[in-house]
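Undergrad: All I have is the shape, not the residue letters:
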């Protein structure tokens, strides 16, 4: 069955970096783009962008062009979200979702606190 | 494109017909999806292209609308439908609405 399994929760300090993984199974990884969505505590969904799994080309929403990096390890059917120079406002749950939005990861809760 | 959902909170009884609204800031040509998100879970795709039911979603869910105004209808509310519902446009880039929280009366 199709699954997107994300890495575990993270607790980080401001200024640190982190890398979240999203491992796909049950389908051909390169047939679909991978999207990333942010949800701050108690808030709505914010679209971060997507990565073309055939070319590796990322496309970022305006709010996520500076410290955020989408990448792939195609041989492992895995997508990554890296956040550099973490800020308190990065505290949120981060979801990956297949390009057709029909399958989502379980989300990774990231807490940034000094 | 700004997406505005109303109401932000809706209380209804089991068996009620429930209607949720989503208004776009400009014509989105039916490029609209609806998601259900239960507490602590990932969003689940219910409807795409404004009125197409995603595989495996109960037929009590339906979507309608055109232009700037769209509706998600639950024909007979069930206890397991308690959740927050989000709309998303994908006509121009993509944006989500703020959500409607649906609770049981």
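TA: Structure received. Here the structure is a predicted model, which is why all the values come from computation and not from measurement. Residues are numbered from 1 along each chain as shown, chains lettered A, B, ... in the order given.

Undergrad: so what's residue B:105 up against?
TA: Applying CB atoms under 8 Å, 6 or more residues apart in numbering or on different chains, we find residue B:105 in contact with B:11-13. For glycine as for every other residue, the C-beta is placed from the backbone atoms N, C-alpha and C.

Undergrad: closest to chain A among these?
TA: Closest approach to chain A among these (CB to the nearest CB): residue B:11, at 19.0 Å.

Undergrad: so how far is residue B:17 from the closest one?
TA: 14 Å (CB to CB, to the nearest Å).

Undergrad: Tell me the pLDDT of residue B:99.
TA: You'll see residue B:99 listed with a pLDDT of 97.

Undergrad: And residue A:100, by the same measure?
TA: pLDDT, read off for residue A:100, is 89.

Undergrad: Not counting residues beside it along the chain, what's closest to it?
TA: residue A:32 (6.1 Å; CB to CB, 6 or more residues apart in numbering or on different chains).

Undergrad: How confident is the prediction for the one you found, by pLDDT?
TA: So residue A:32 comes in at 97 (pLDDT).

Undergrad: Can you tell me how far it is from residue B:58?
TA: 25 Å.

Undergrad: More neighbours: these two, which one.
TA: For residue A:32 versus residue B:58, neighbours defined as other CB atoms under 10 Å in any protein chain shown are more numerous around residue A:32 (21 against 13).

Undergrad: Isn't the more buried one up against residue A:52?
TA: No: taking contacts as CB atoms under 8 Å, residue A:32 lies outside contact range of residue A:52: 9.9 Å.

Undergrad: Pairing-wise in the sheet, spell out the partners of the residue of chain A found nearest chain B.
TA: Nearest residue of chain A to chain B, counting by CB to the nearest CB: residue A:104, 3.9 Å away. Listed by DSSP bridges, the beta-bridge partners for residue A:104 are residue A:97.

Undergrad: wait, isn't it in contact with residue A:4?
TA: Yes: Residue A:104 lies in contact with residue A:4 (CB under 8 Å); the separation is 6.3 Å.

Undergrad: In space, what's closest to the residue of chain B found nearest chain A - neighbours in sequence excluded?
TA: Ranked by CB to the nearest CB, the top residue of chain B for proximity to chain A is residue B:42, at 3.9 Å. Nearest residue to residue B:42, sequence neighbours excluded (CB to CB, 6+ apart): residue A:104, at 3.9 Å.

Undergrad: With residue A:7 instead?
TA: Ranked by CB to CB, 6+ apart and with sequence neighbours excluded, the top spatial neighbour of residue A:7 is residue A:21, at 4.5 Å.

Undergrad: How about the contacts made by that neighbour?
TA: A:6-7, A:78-80.

Undergrad: Repeat that for residue B:13.
TA: So residue B:13 contacts B:77, B:104-105 (CB under 8 Å, 6+ apart).
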